[in-house]
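Visitor: return a 3D structure for these sequence lines:
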Amino acid sequence: MSSVTTLKYTLQLADNVLIMGQRLAALCGKGPILEQDIALTNISLDQIGQARSLYQYAATIVNNMSVADKAQLFNAPLLQEKINNKLSITEDDLAYLRDAWDYRNCLLVEQENGDWAYTVARSFFFDRFQYLLYTAMLKSTDSTLAAIAEKSLKEVQYHIKWASEWVIRLGDGTDISKEKMQQALQARWEYTGEMFTMNELEKEAYNIGIGVDVSQLQQTYQQQIETIVQEAGLQMPTAAWMQTGGKNGVHTEHLGYILAEMQYLQRAYPNMEW
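Guide: Next up, the predicted model:
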C-alpha cells in the first residue's frame, strides 16, 4: 500500500508543475517585452523539469510493482493497455497517456492565462505555495522526494521573486495597472484554498512520513501573501467559498484543452520522446 501511496502522491506533485509549466509555455513569444518573455520561458522550463524528475521517479515505482497492483492504478485505456501487455512504463507515458480524470493537479494551475495581471496573479499564488511545500518536503522520509524538493527550491526562490516584484510593480503603477492587478488577485484567490485542503491521499502520505500536511502551511502563506499585497498598495482578496476538486480528479474544462494540445503528438505518433 505504501508504494501505491507514494506513486499517487508523486504524480499529484508532478501534475501541478507540469500543467503550470504548460500554461506558461503557451506564452512563449507573447510576453509584453522580450525580457519577460524569456523569464516566463525559463520558469516554464524549471517547472517542466521538476515534473520530469517526479514522473521519472513515479515510473520507477510503477515498474517495481506487482502485476496485480499495476492493474488497479489507472483508468486511462492507453496506459492500461501497456500495463496489461506487461510493458515498462516511462515518464512520457505518465504525462501523455493519462486522461484528465487521472490528473490530480489543483484547479489554480489549469486556469487560463488571461491578461498579464492574471498570469502574474496565478504564478504569485502558486509559486509561494510551492516554496513552502518544498521547504517542508525536505523532511520527507522518502529520500528521492526530499532530493527533488531540495533541487527545486533553488528554482522556486527565483519564481516567487519574479511574481512578487510584478505584483508590486503593477499595484504601485498606474490607476489602470492597479485596478487590473486587484481584479486578477480577486479572481484567482478562490482557487488557493484547495492547495491547503488535505485530501485522503495527502493525509495518508503524511501519516507514513513521505508527504506534507499542507494545512499547516496556510497561516504562513497568508502572512507572506499579505505582506506583498500591502507593499503593492492593494487589498487582500476575499472569497465566499473556495473552489475544489482538482486534487480528486474533478477538473474545469480548461484541463481538457491543455491535455489535447500537449498530448497530441505522442498519441498521433506513439513512442516519441521529450
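Visitor: residues contacting Leu259?
Guide: The contact partners of Leu259, by Cβ atoms under 8 Å, 6 or more residues apart in numbering, come to 99-100, 103. C-beta coordinates here come from the backbone N, C-alpha and C atoms, glycine included.
Visitor: of these, closest to Asn271?
Guide: Proximity of those to Asn271 (Cβ to Cβ) peaks at Asp99, which lies at 18.5 Å.
Visitor: I'd say the closest one and Gln80 touch.
Guide: No. Counting by Cβ atoms under 8 Å, Asp99 stays clear of Gln80, with 10.5 Å between them.
Visitor: quick one: contacts of stretch 175-193?
Guide: So stretch 175-193 is in contact with 106-108, 111, 114-118, 120-122, 124-125, 129, 167, 169-172, 229, 232-235, 237-239, 241-244, going by Cβ under 8 Å, 6+ apart.
Visitor: next step: those residues restricted to helices.
Guide: Under the assignment DSSP state H, these contribute 107-108, 116-118, 120-122, 124-125, 129, 167, 169-171, 229 to helices.
Visitor: using neighbour counts, pick out the buried residues of the helix or strand hosting Ala146.
Guide: Ala146 belongs to helix 143-171 when elements are defined using DSSP states H and E. Neighbour-count burial for helix 143-171, with 16 or more other Cβ atoms under 10 Å as criterion, is recorded at 144-146, 148-149, 152-153, 155-156, 159-160, 162-164, 166-168, 170-171.
Visitor: do the same with stretch 77-91
Guide: Residues 78-79, 82-83, 89-91 are the ones in stretch 77-91 that count as buried (16+ other Cβ under 10 Å).
Visitor: among the contacts of Leu259, which one lies nearest to Val212?
Guide: For Val212, the nearest member of these is Tyr103. The distance, counting by Cβ to Cβ, is 19.8 Å.
Visitor: show the pLDDT at that closest one.
Guide: Tyr103 is assigned a predicted lDDT (pLDDT) of 96.
Visitor: quick one: contacts for it?
Guide: With contacts taken as Cβ under 8 Å, 6+ apart, Tyr103 has the following neighbours: 15, 19, 246, 249, 251, 255, 259.
Visitor: where does the prediction get shaky in this protein?
Guide: Across the chain, the ranges flagged by pLDDT under 70 are 1, 272-274.
Visitor: how about a cut-off of 90?
Guide: Low-confidence segments of the chain (pLDDT under 90): 1-2, 26-39, 66-81, 83-86, 114, 239-240, 264-274.
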